[in-house]
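[1] Task: produce atomic coordinates for the following.
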Amino acid sequence: MLFGHALKAQDSSYDVFNPIAKYLAAGDAEKLSAWFSDNLEVTILSNSNDSSRNQARQILKSFFRSYTPRSFEITHKAGRSNKKYALGTLTAGGEMFVVTIFVNYADQDYRIQHLKIERMN
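    I've put the predicted structure just below:
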């Protein structure tokens, strides 16, 4: 099973951001948190926290309660095979947000290292 994950993650056609984007669009902090590193940085509206996976899930749940997501679209992706990032636009609670997602490849899979949500200017 681990070998299958490694193949999936290293396969150039596999896009780690597809499931992440789906969970952001749905406002599903539970499923999104499965992609979190054990410790990650979460920045919401200029408030930055180094968080455990559980703390980050609670921070996102709170954000999604205040700003119900309507849609999320990836607008840019870049990186190398072991480090990638994506920028996207989140429409939530009648506002638009820029979302930046940094992922690292470790332990046979990609994990979110930093998730940043800021109001669009």
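[2] which secondary element of this structure has the worst mean pLDDT?
    helix 2-10 (a mean of 44; mean pLDDT, DSSP states H and E).
[3] Quick check: next helix or strand after that one?
    helix 17-26 (DSSP states H and E).
[4] What segments of this structure are strands?
    36-44, 47-52, 69-79, 83-92, 95-106, 109-119 (DSSP state E).
[5] Out of those strands, flag the one nearest residue 17.
    strand 83-92 (4.7 Å; Cβ to Cβ). Glycine gets a C-beta too; all of them are placed from N, C-alpha and C.
[6] thinking in terms of the whole chain, how far from its middle is that closest one?
    On the basis of Cα atoms, centre = their mean, to the nearest Å, strand 83-92 sits 7 Å off its chain's mean C-alpha point.
[7] Can you dump the C-alpha atoms of it in PDB for me?
    C-alpha atoms of strand 83-92 as PDB (Å, rounded to 0.1, in the frame of the first residue of the first chain):
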ATOM      1  CA  LYS A  83       7.700  20.800  -2.800                       C
ATOM      2  CA  LYS A  84       4.700  22.500  -4.500                       C
ATOM      3  CA  TYR A  85       2.500  25.500  -4.000                       C
ATOM      4  CA  ALA A  86      -0.800  26.600  -5.300                       C
ATOM      5  CA  LEU A  87      -2.700  29.900  -5.300                       C
ATOM      6  CA  GLY A  88      -6.500  30.000  -5.500                       C
ATOM      7  CA  THR A  89      -9.500  32.100  -5.100                       C
ATOM      8  CA  LEU A  90     -12.100  31.200  -2.400                       C
ATOM      9  CA  THR A  91     -15.500  32.800  -2.500                       C
ATOM     10  CA  ALA A  92     -17.000  32.500   1.000                       C
END
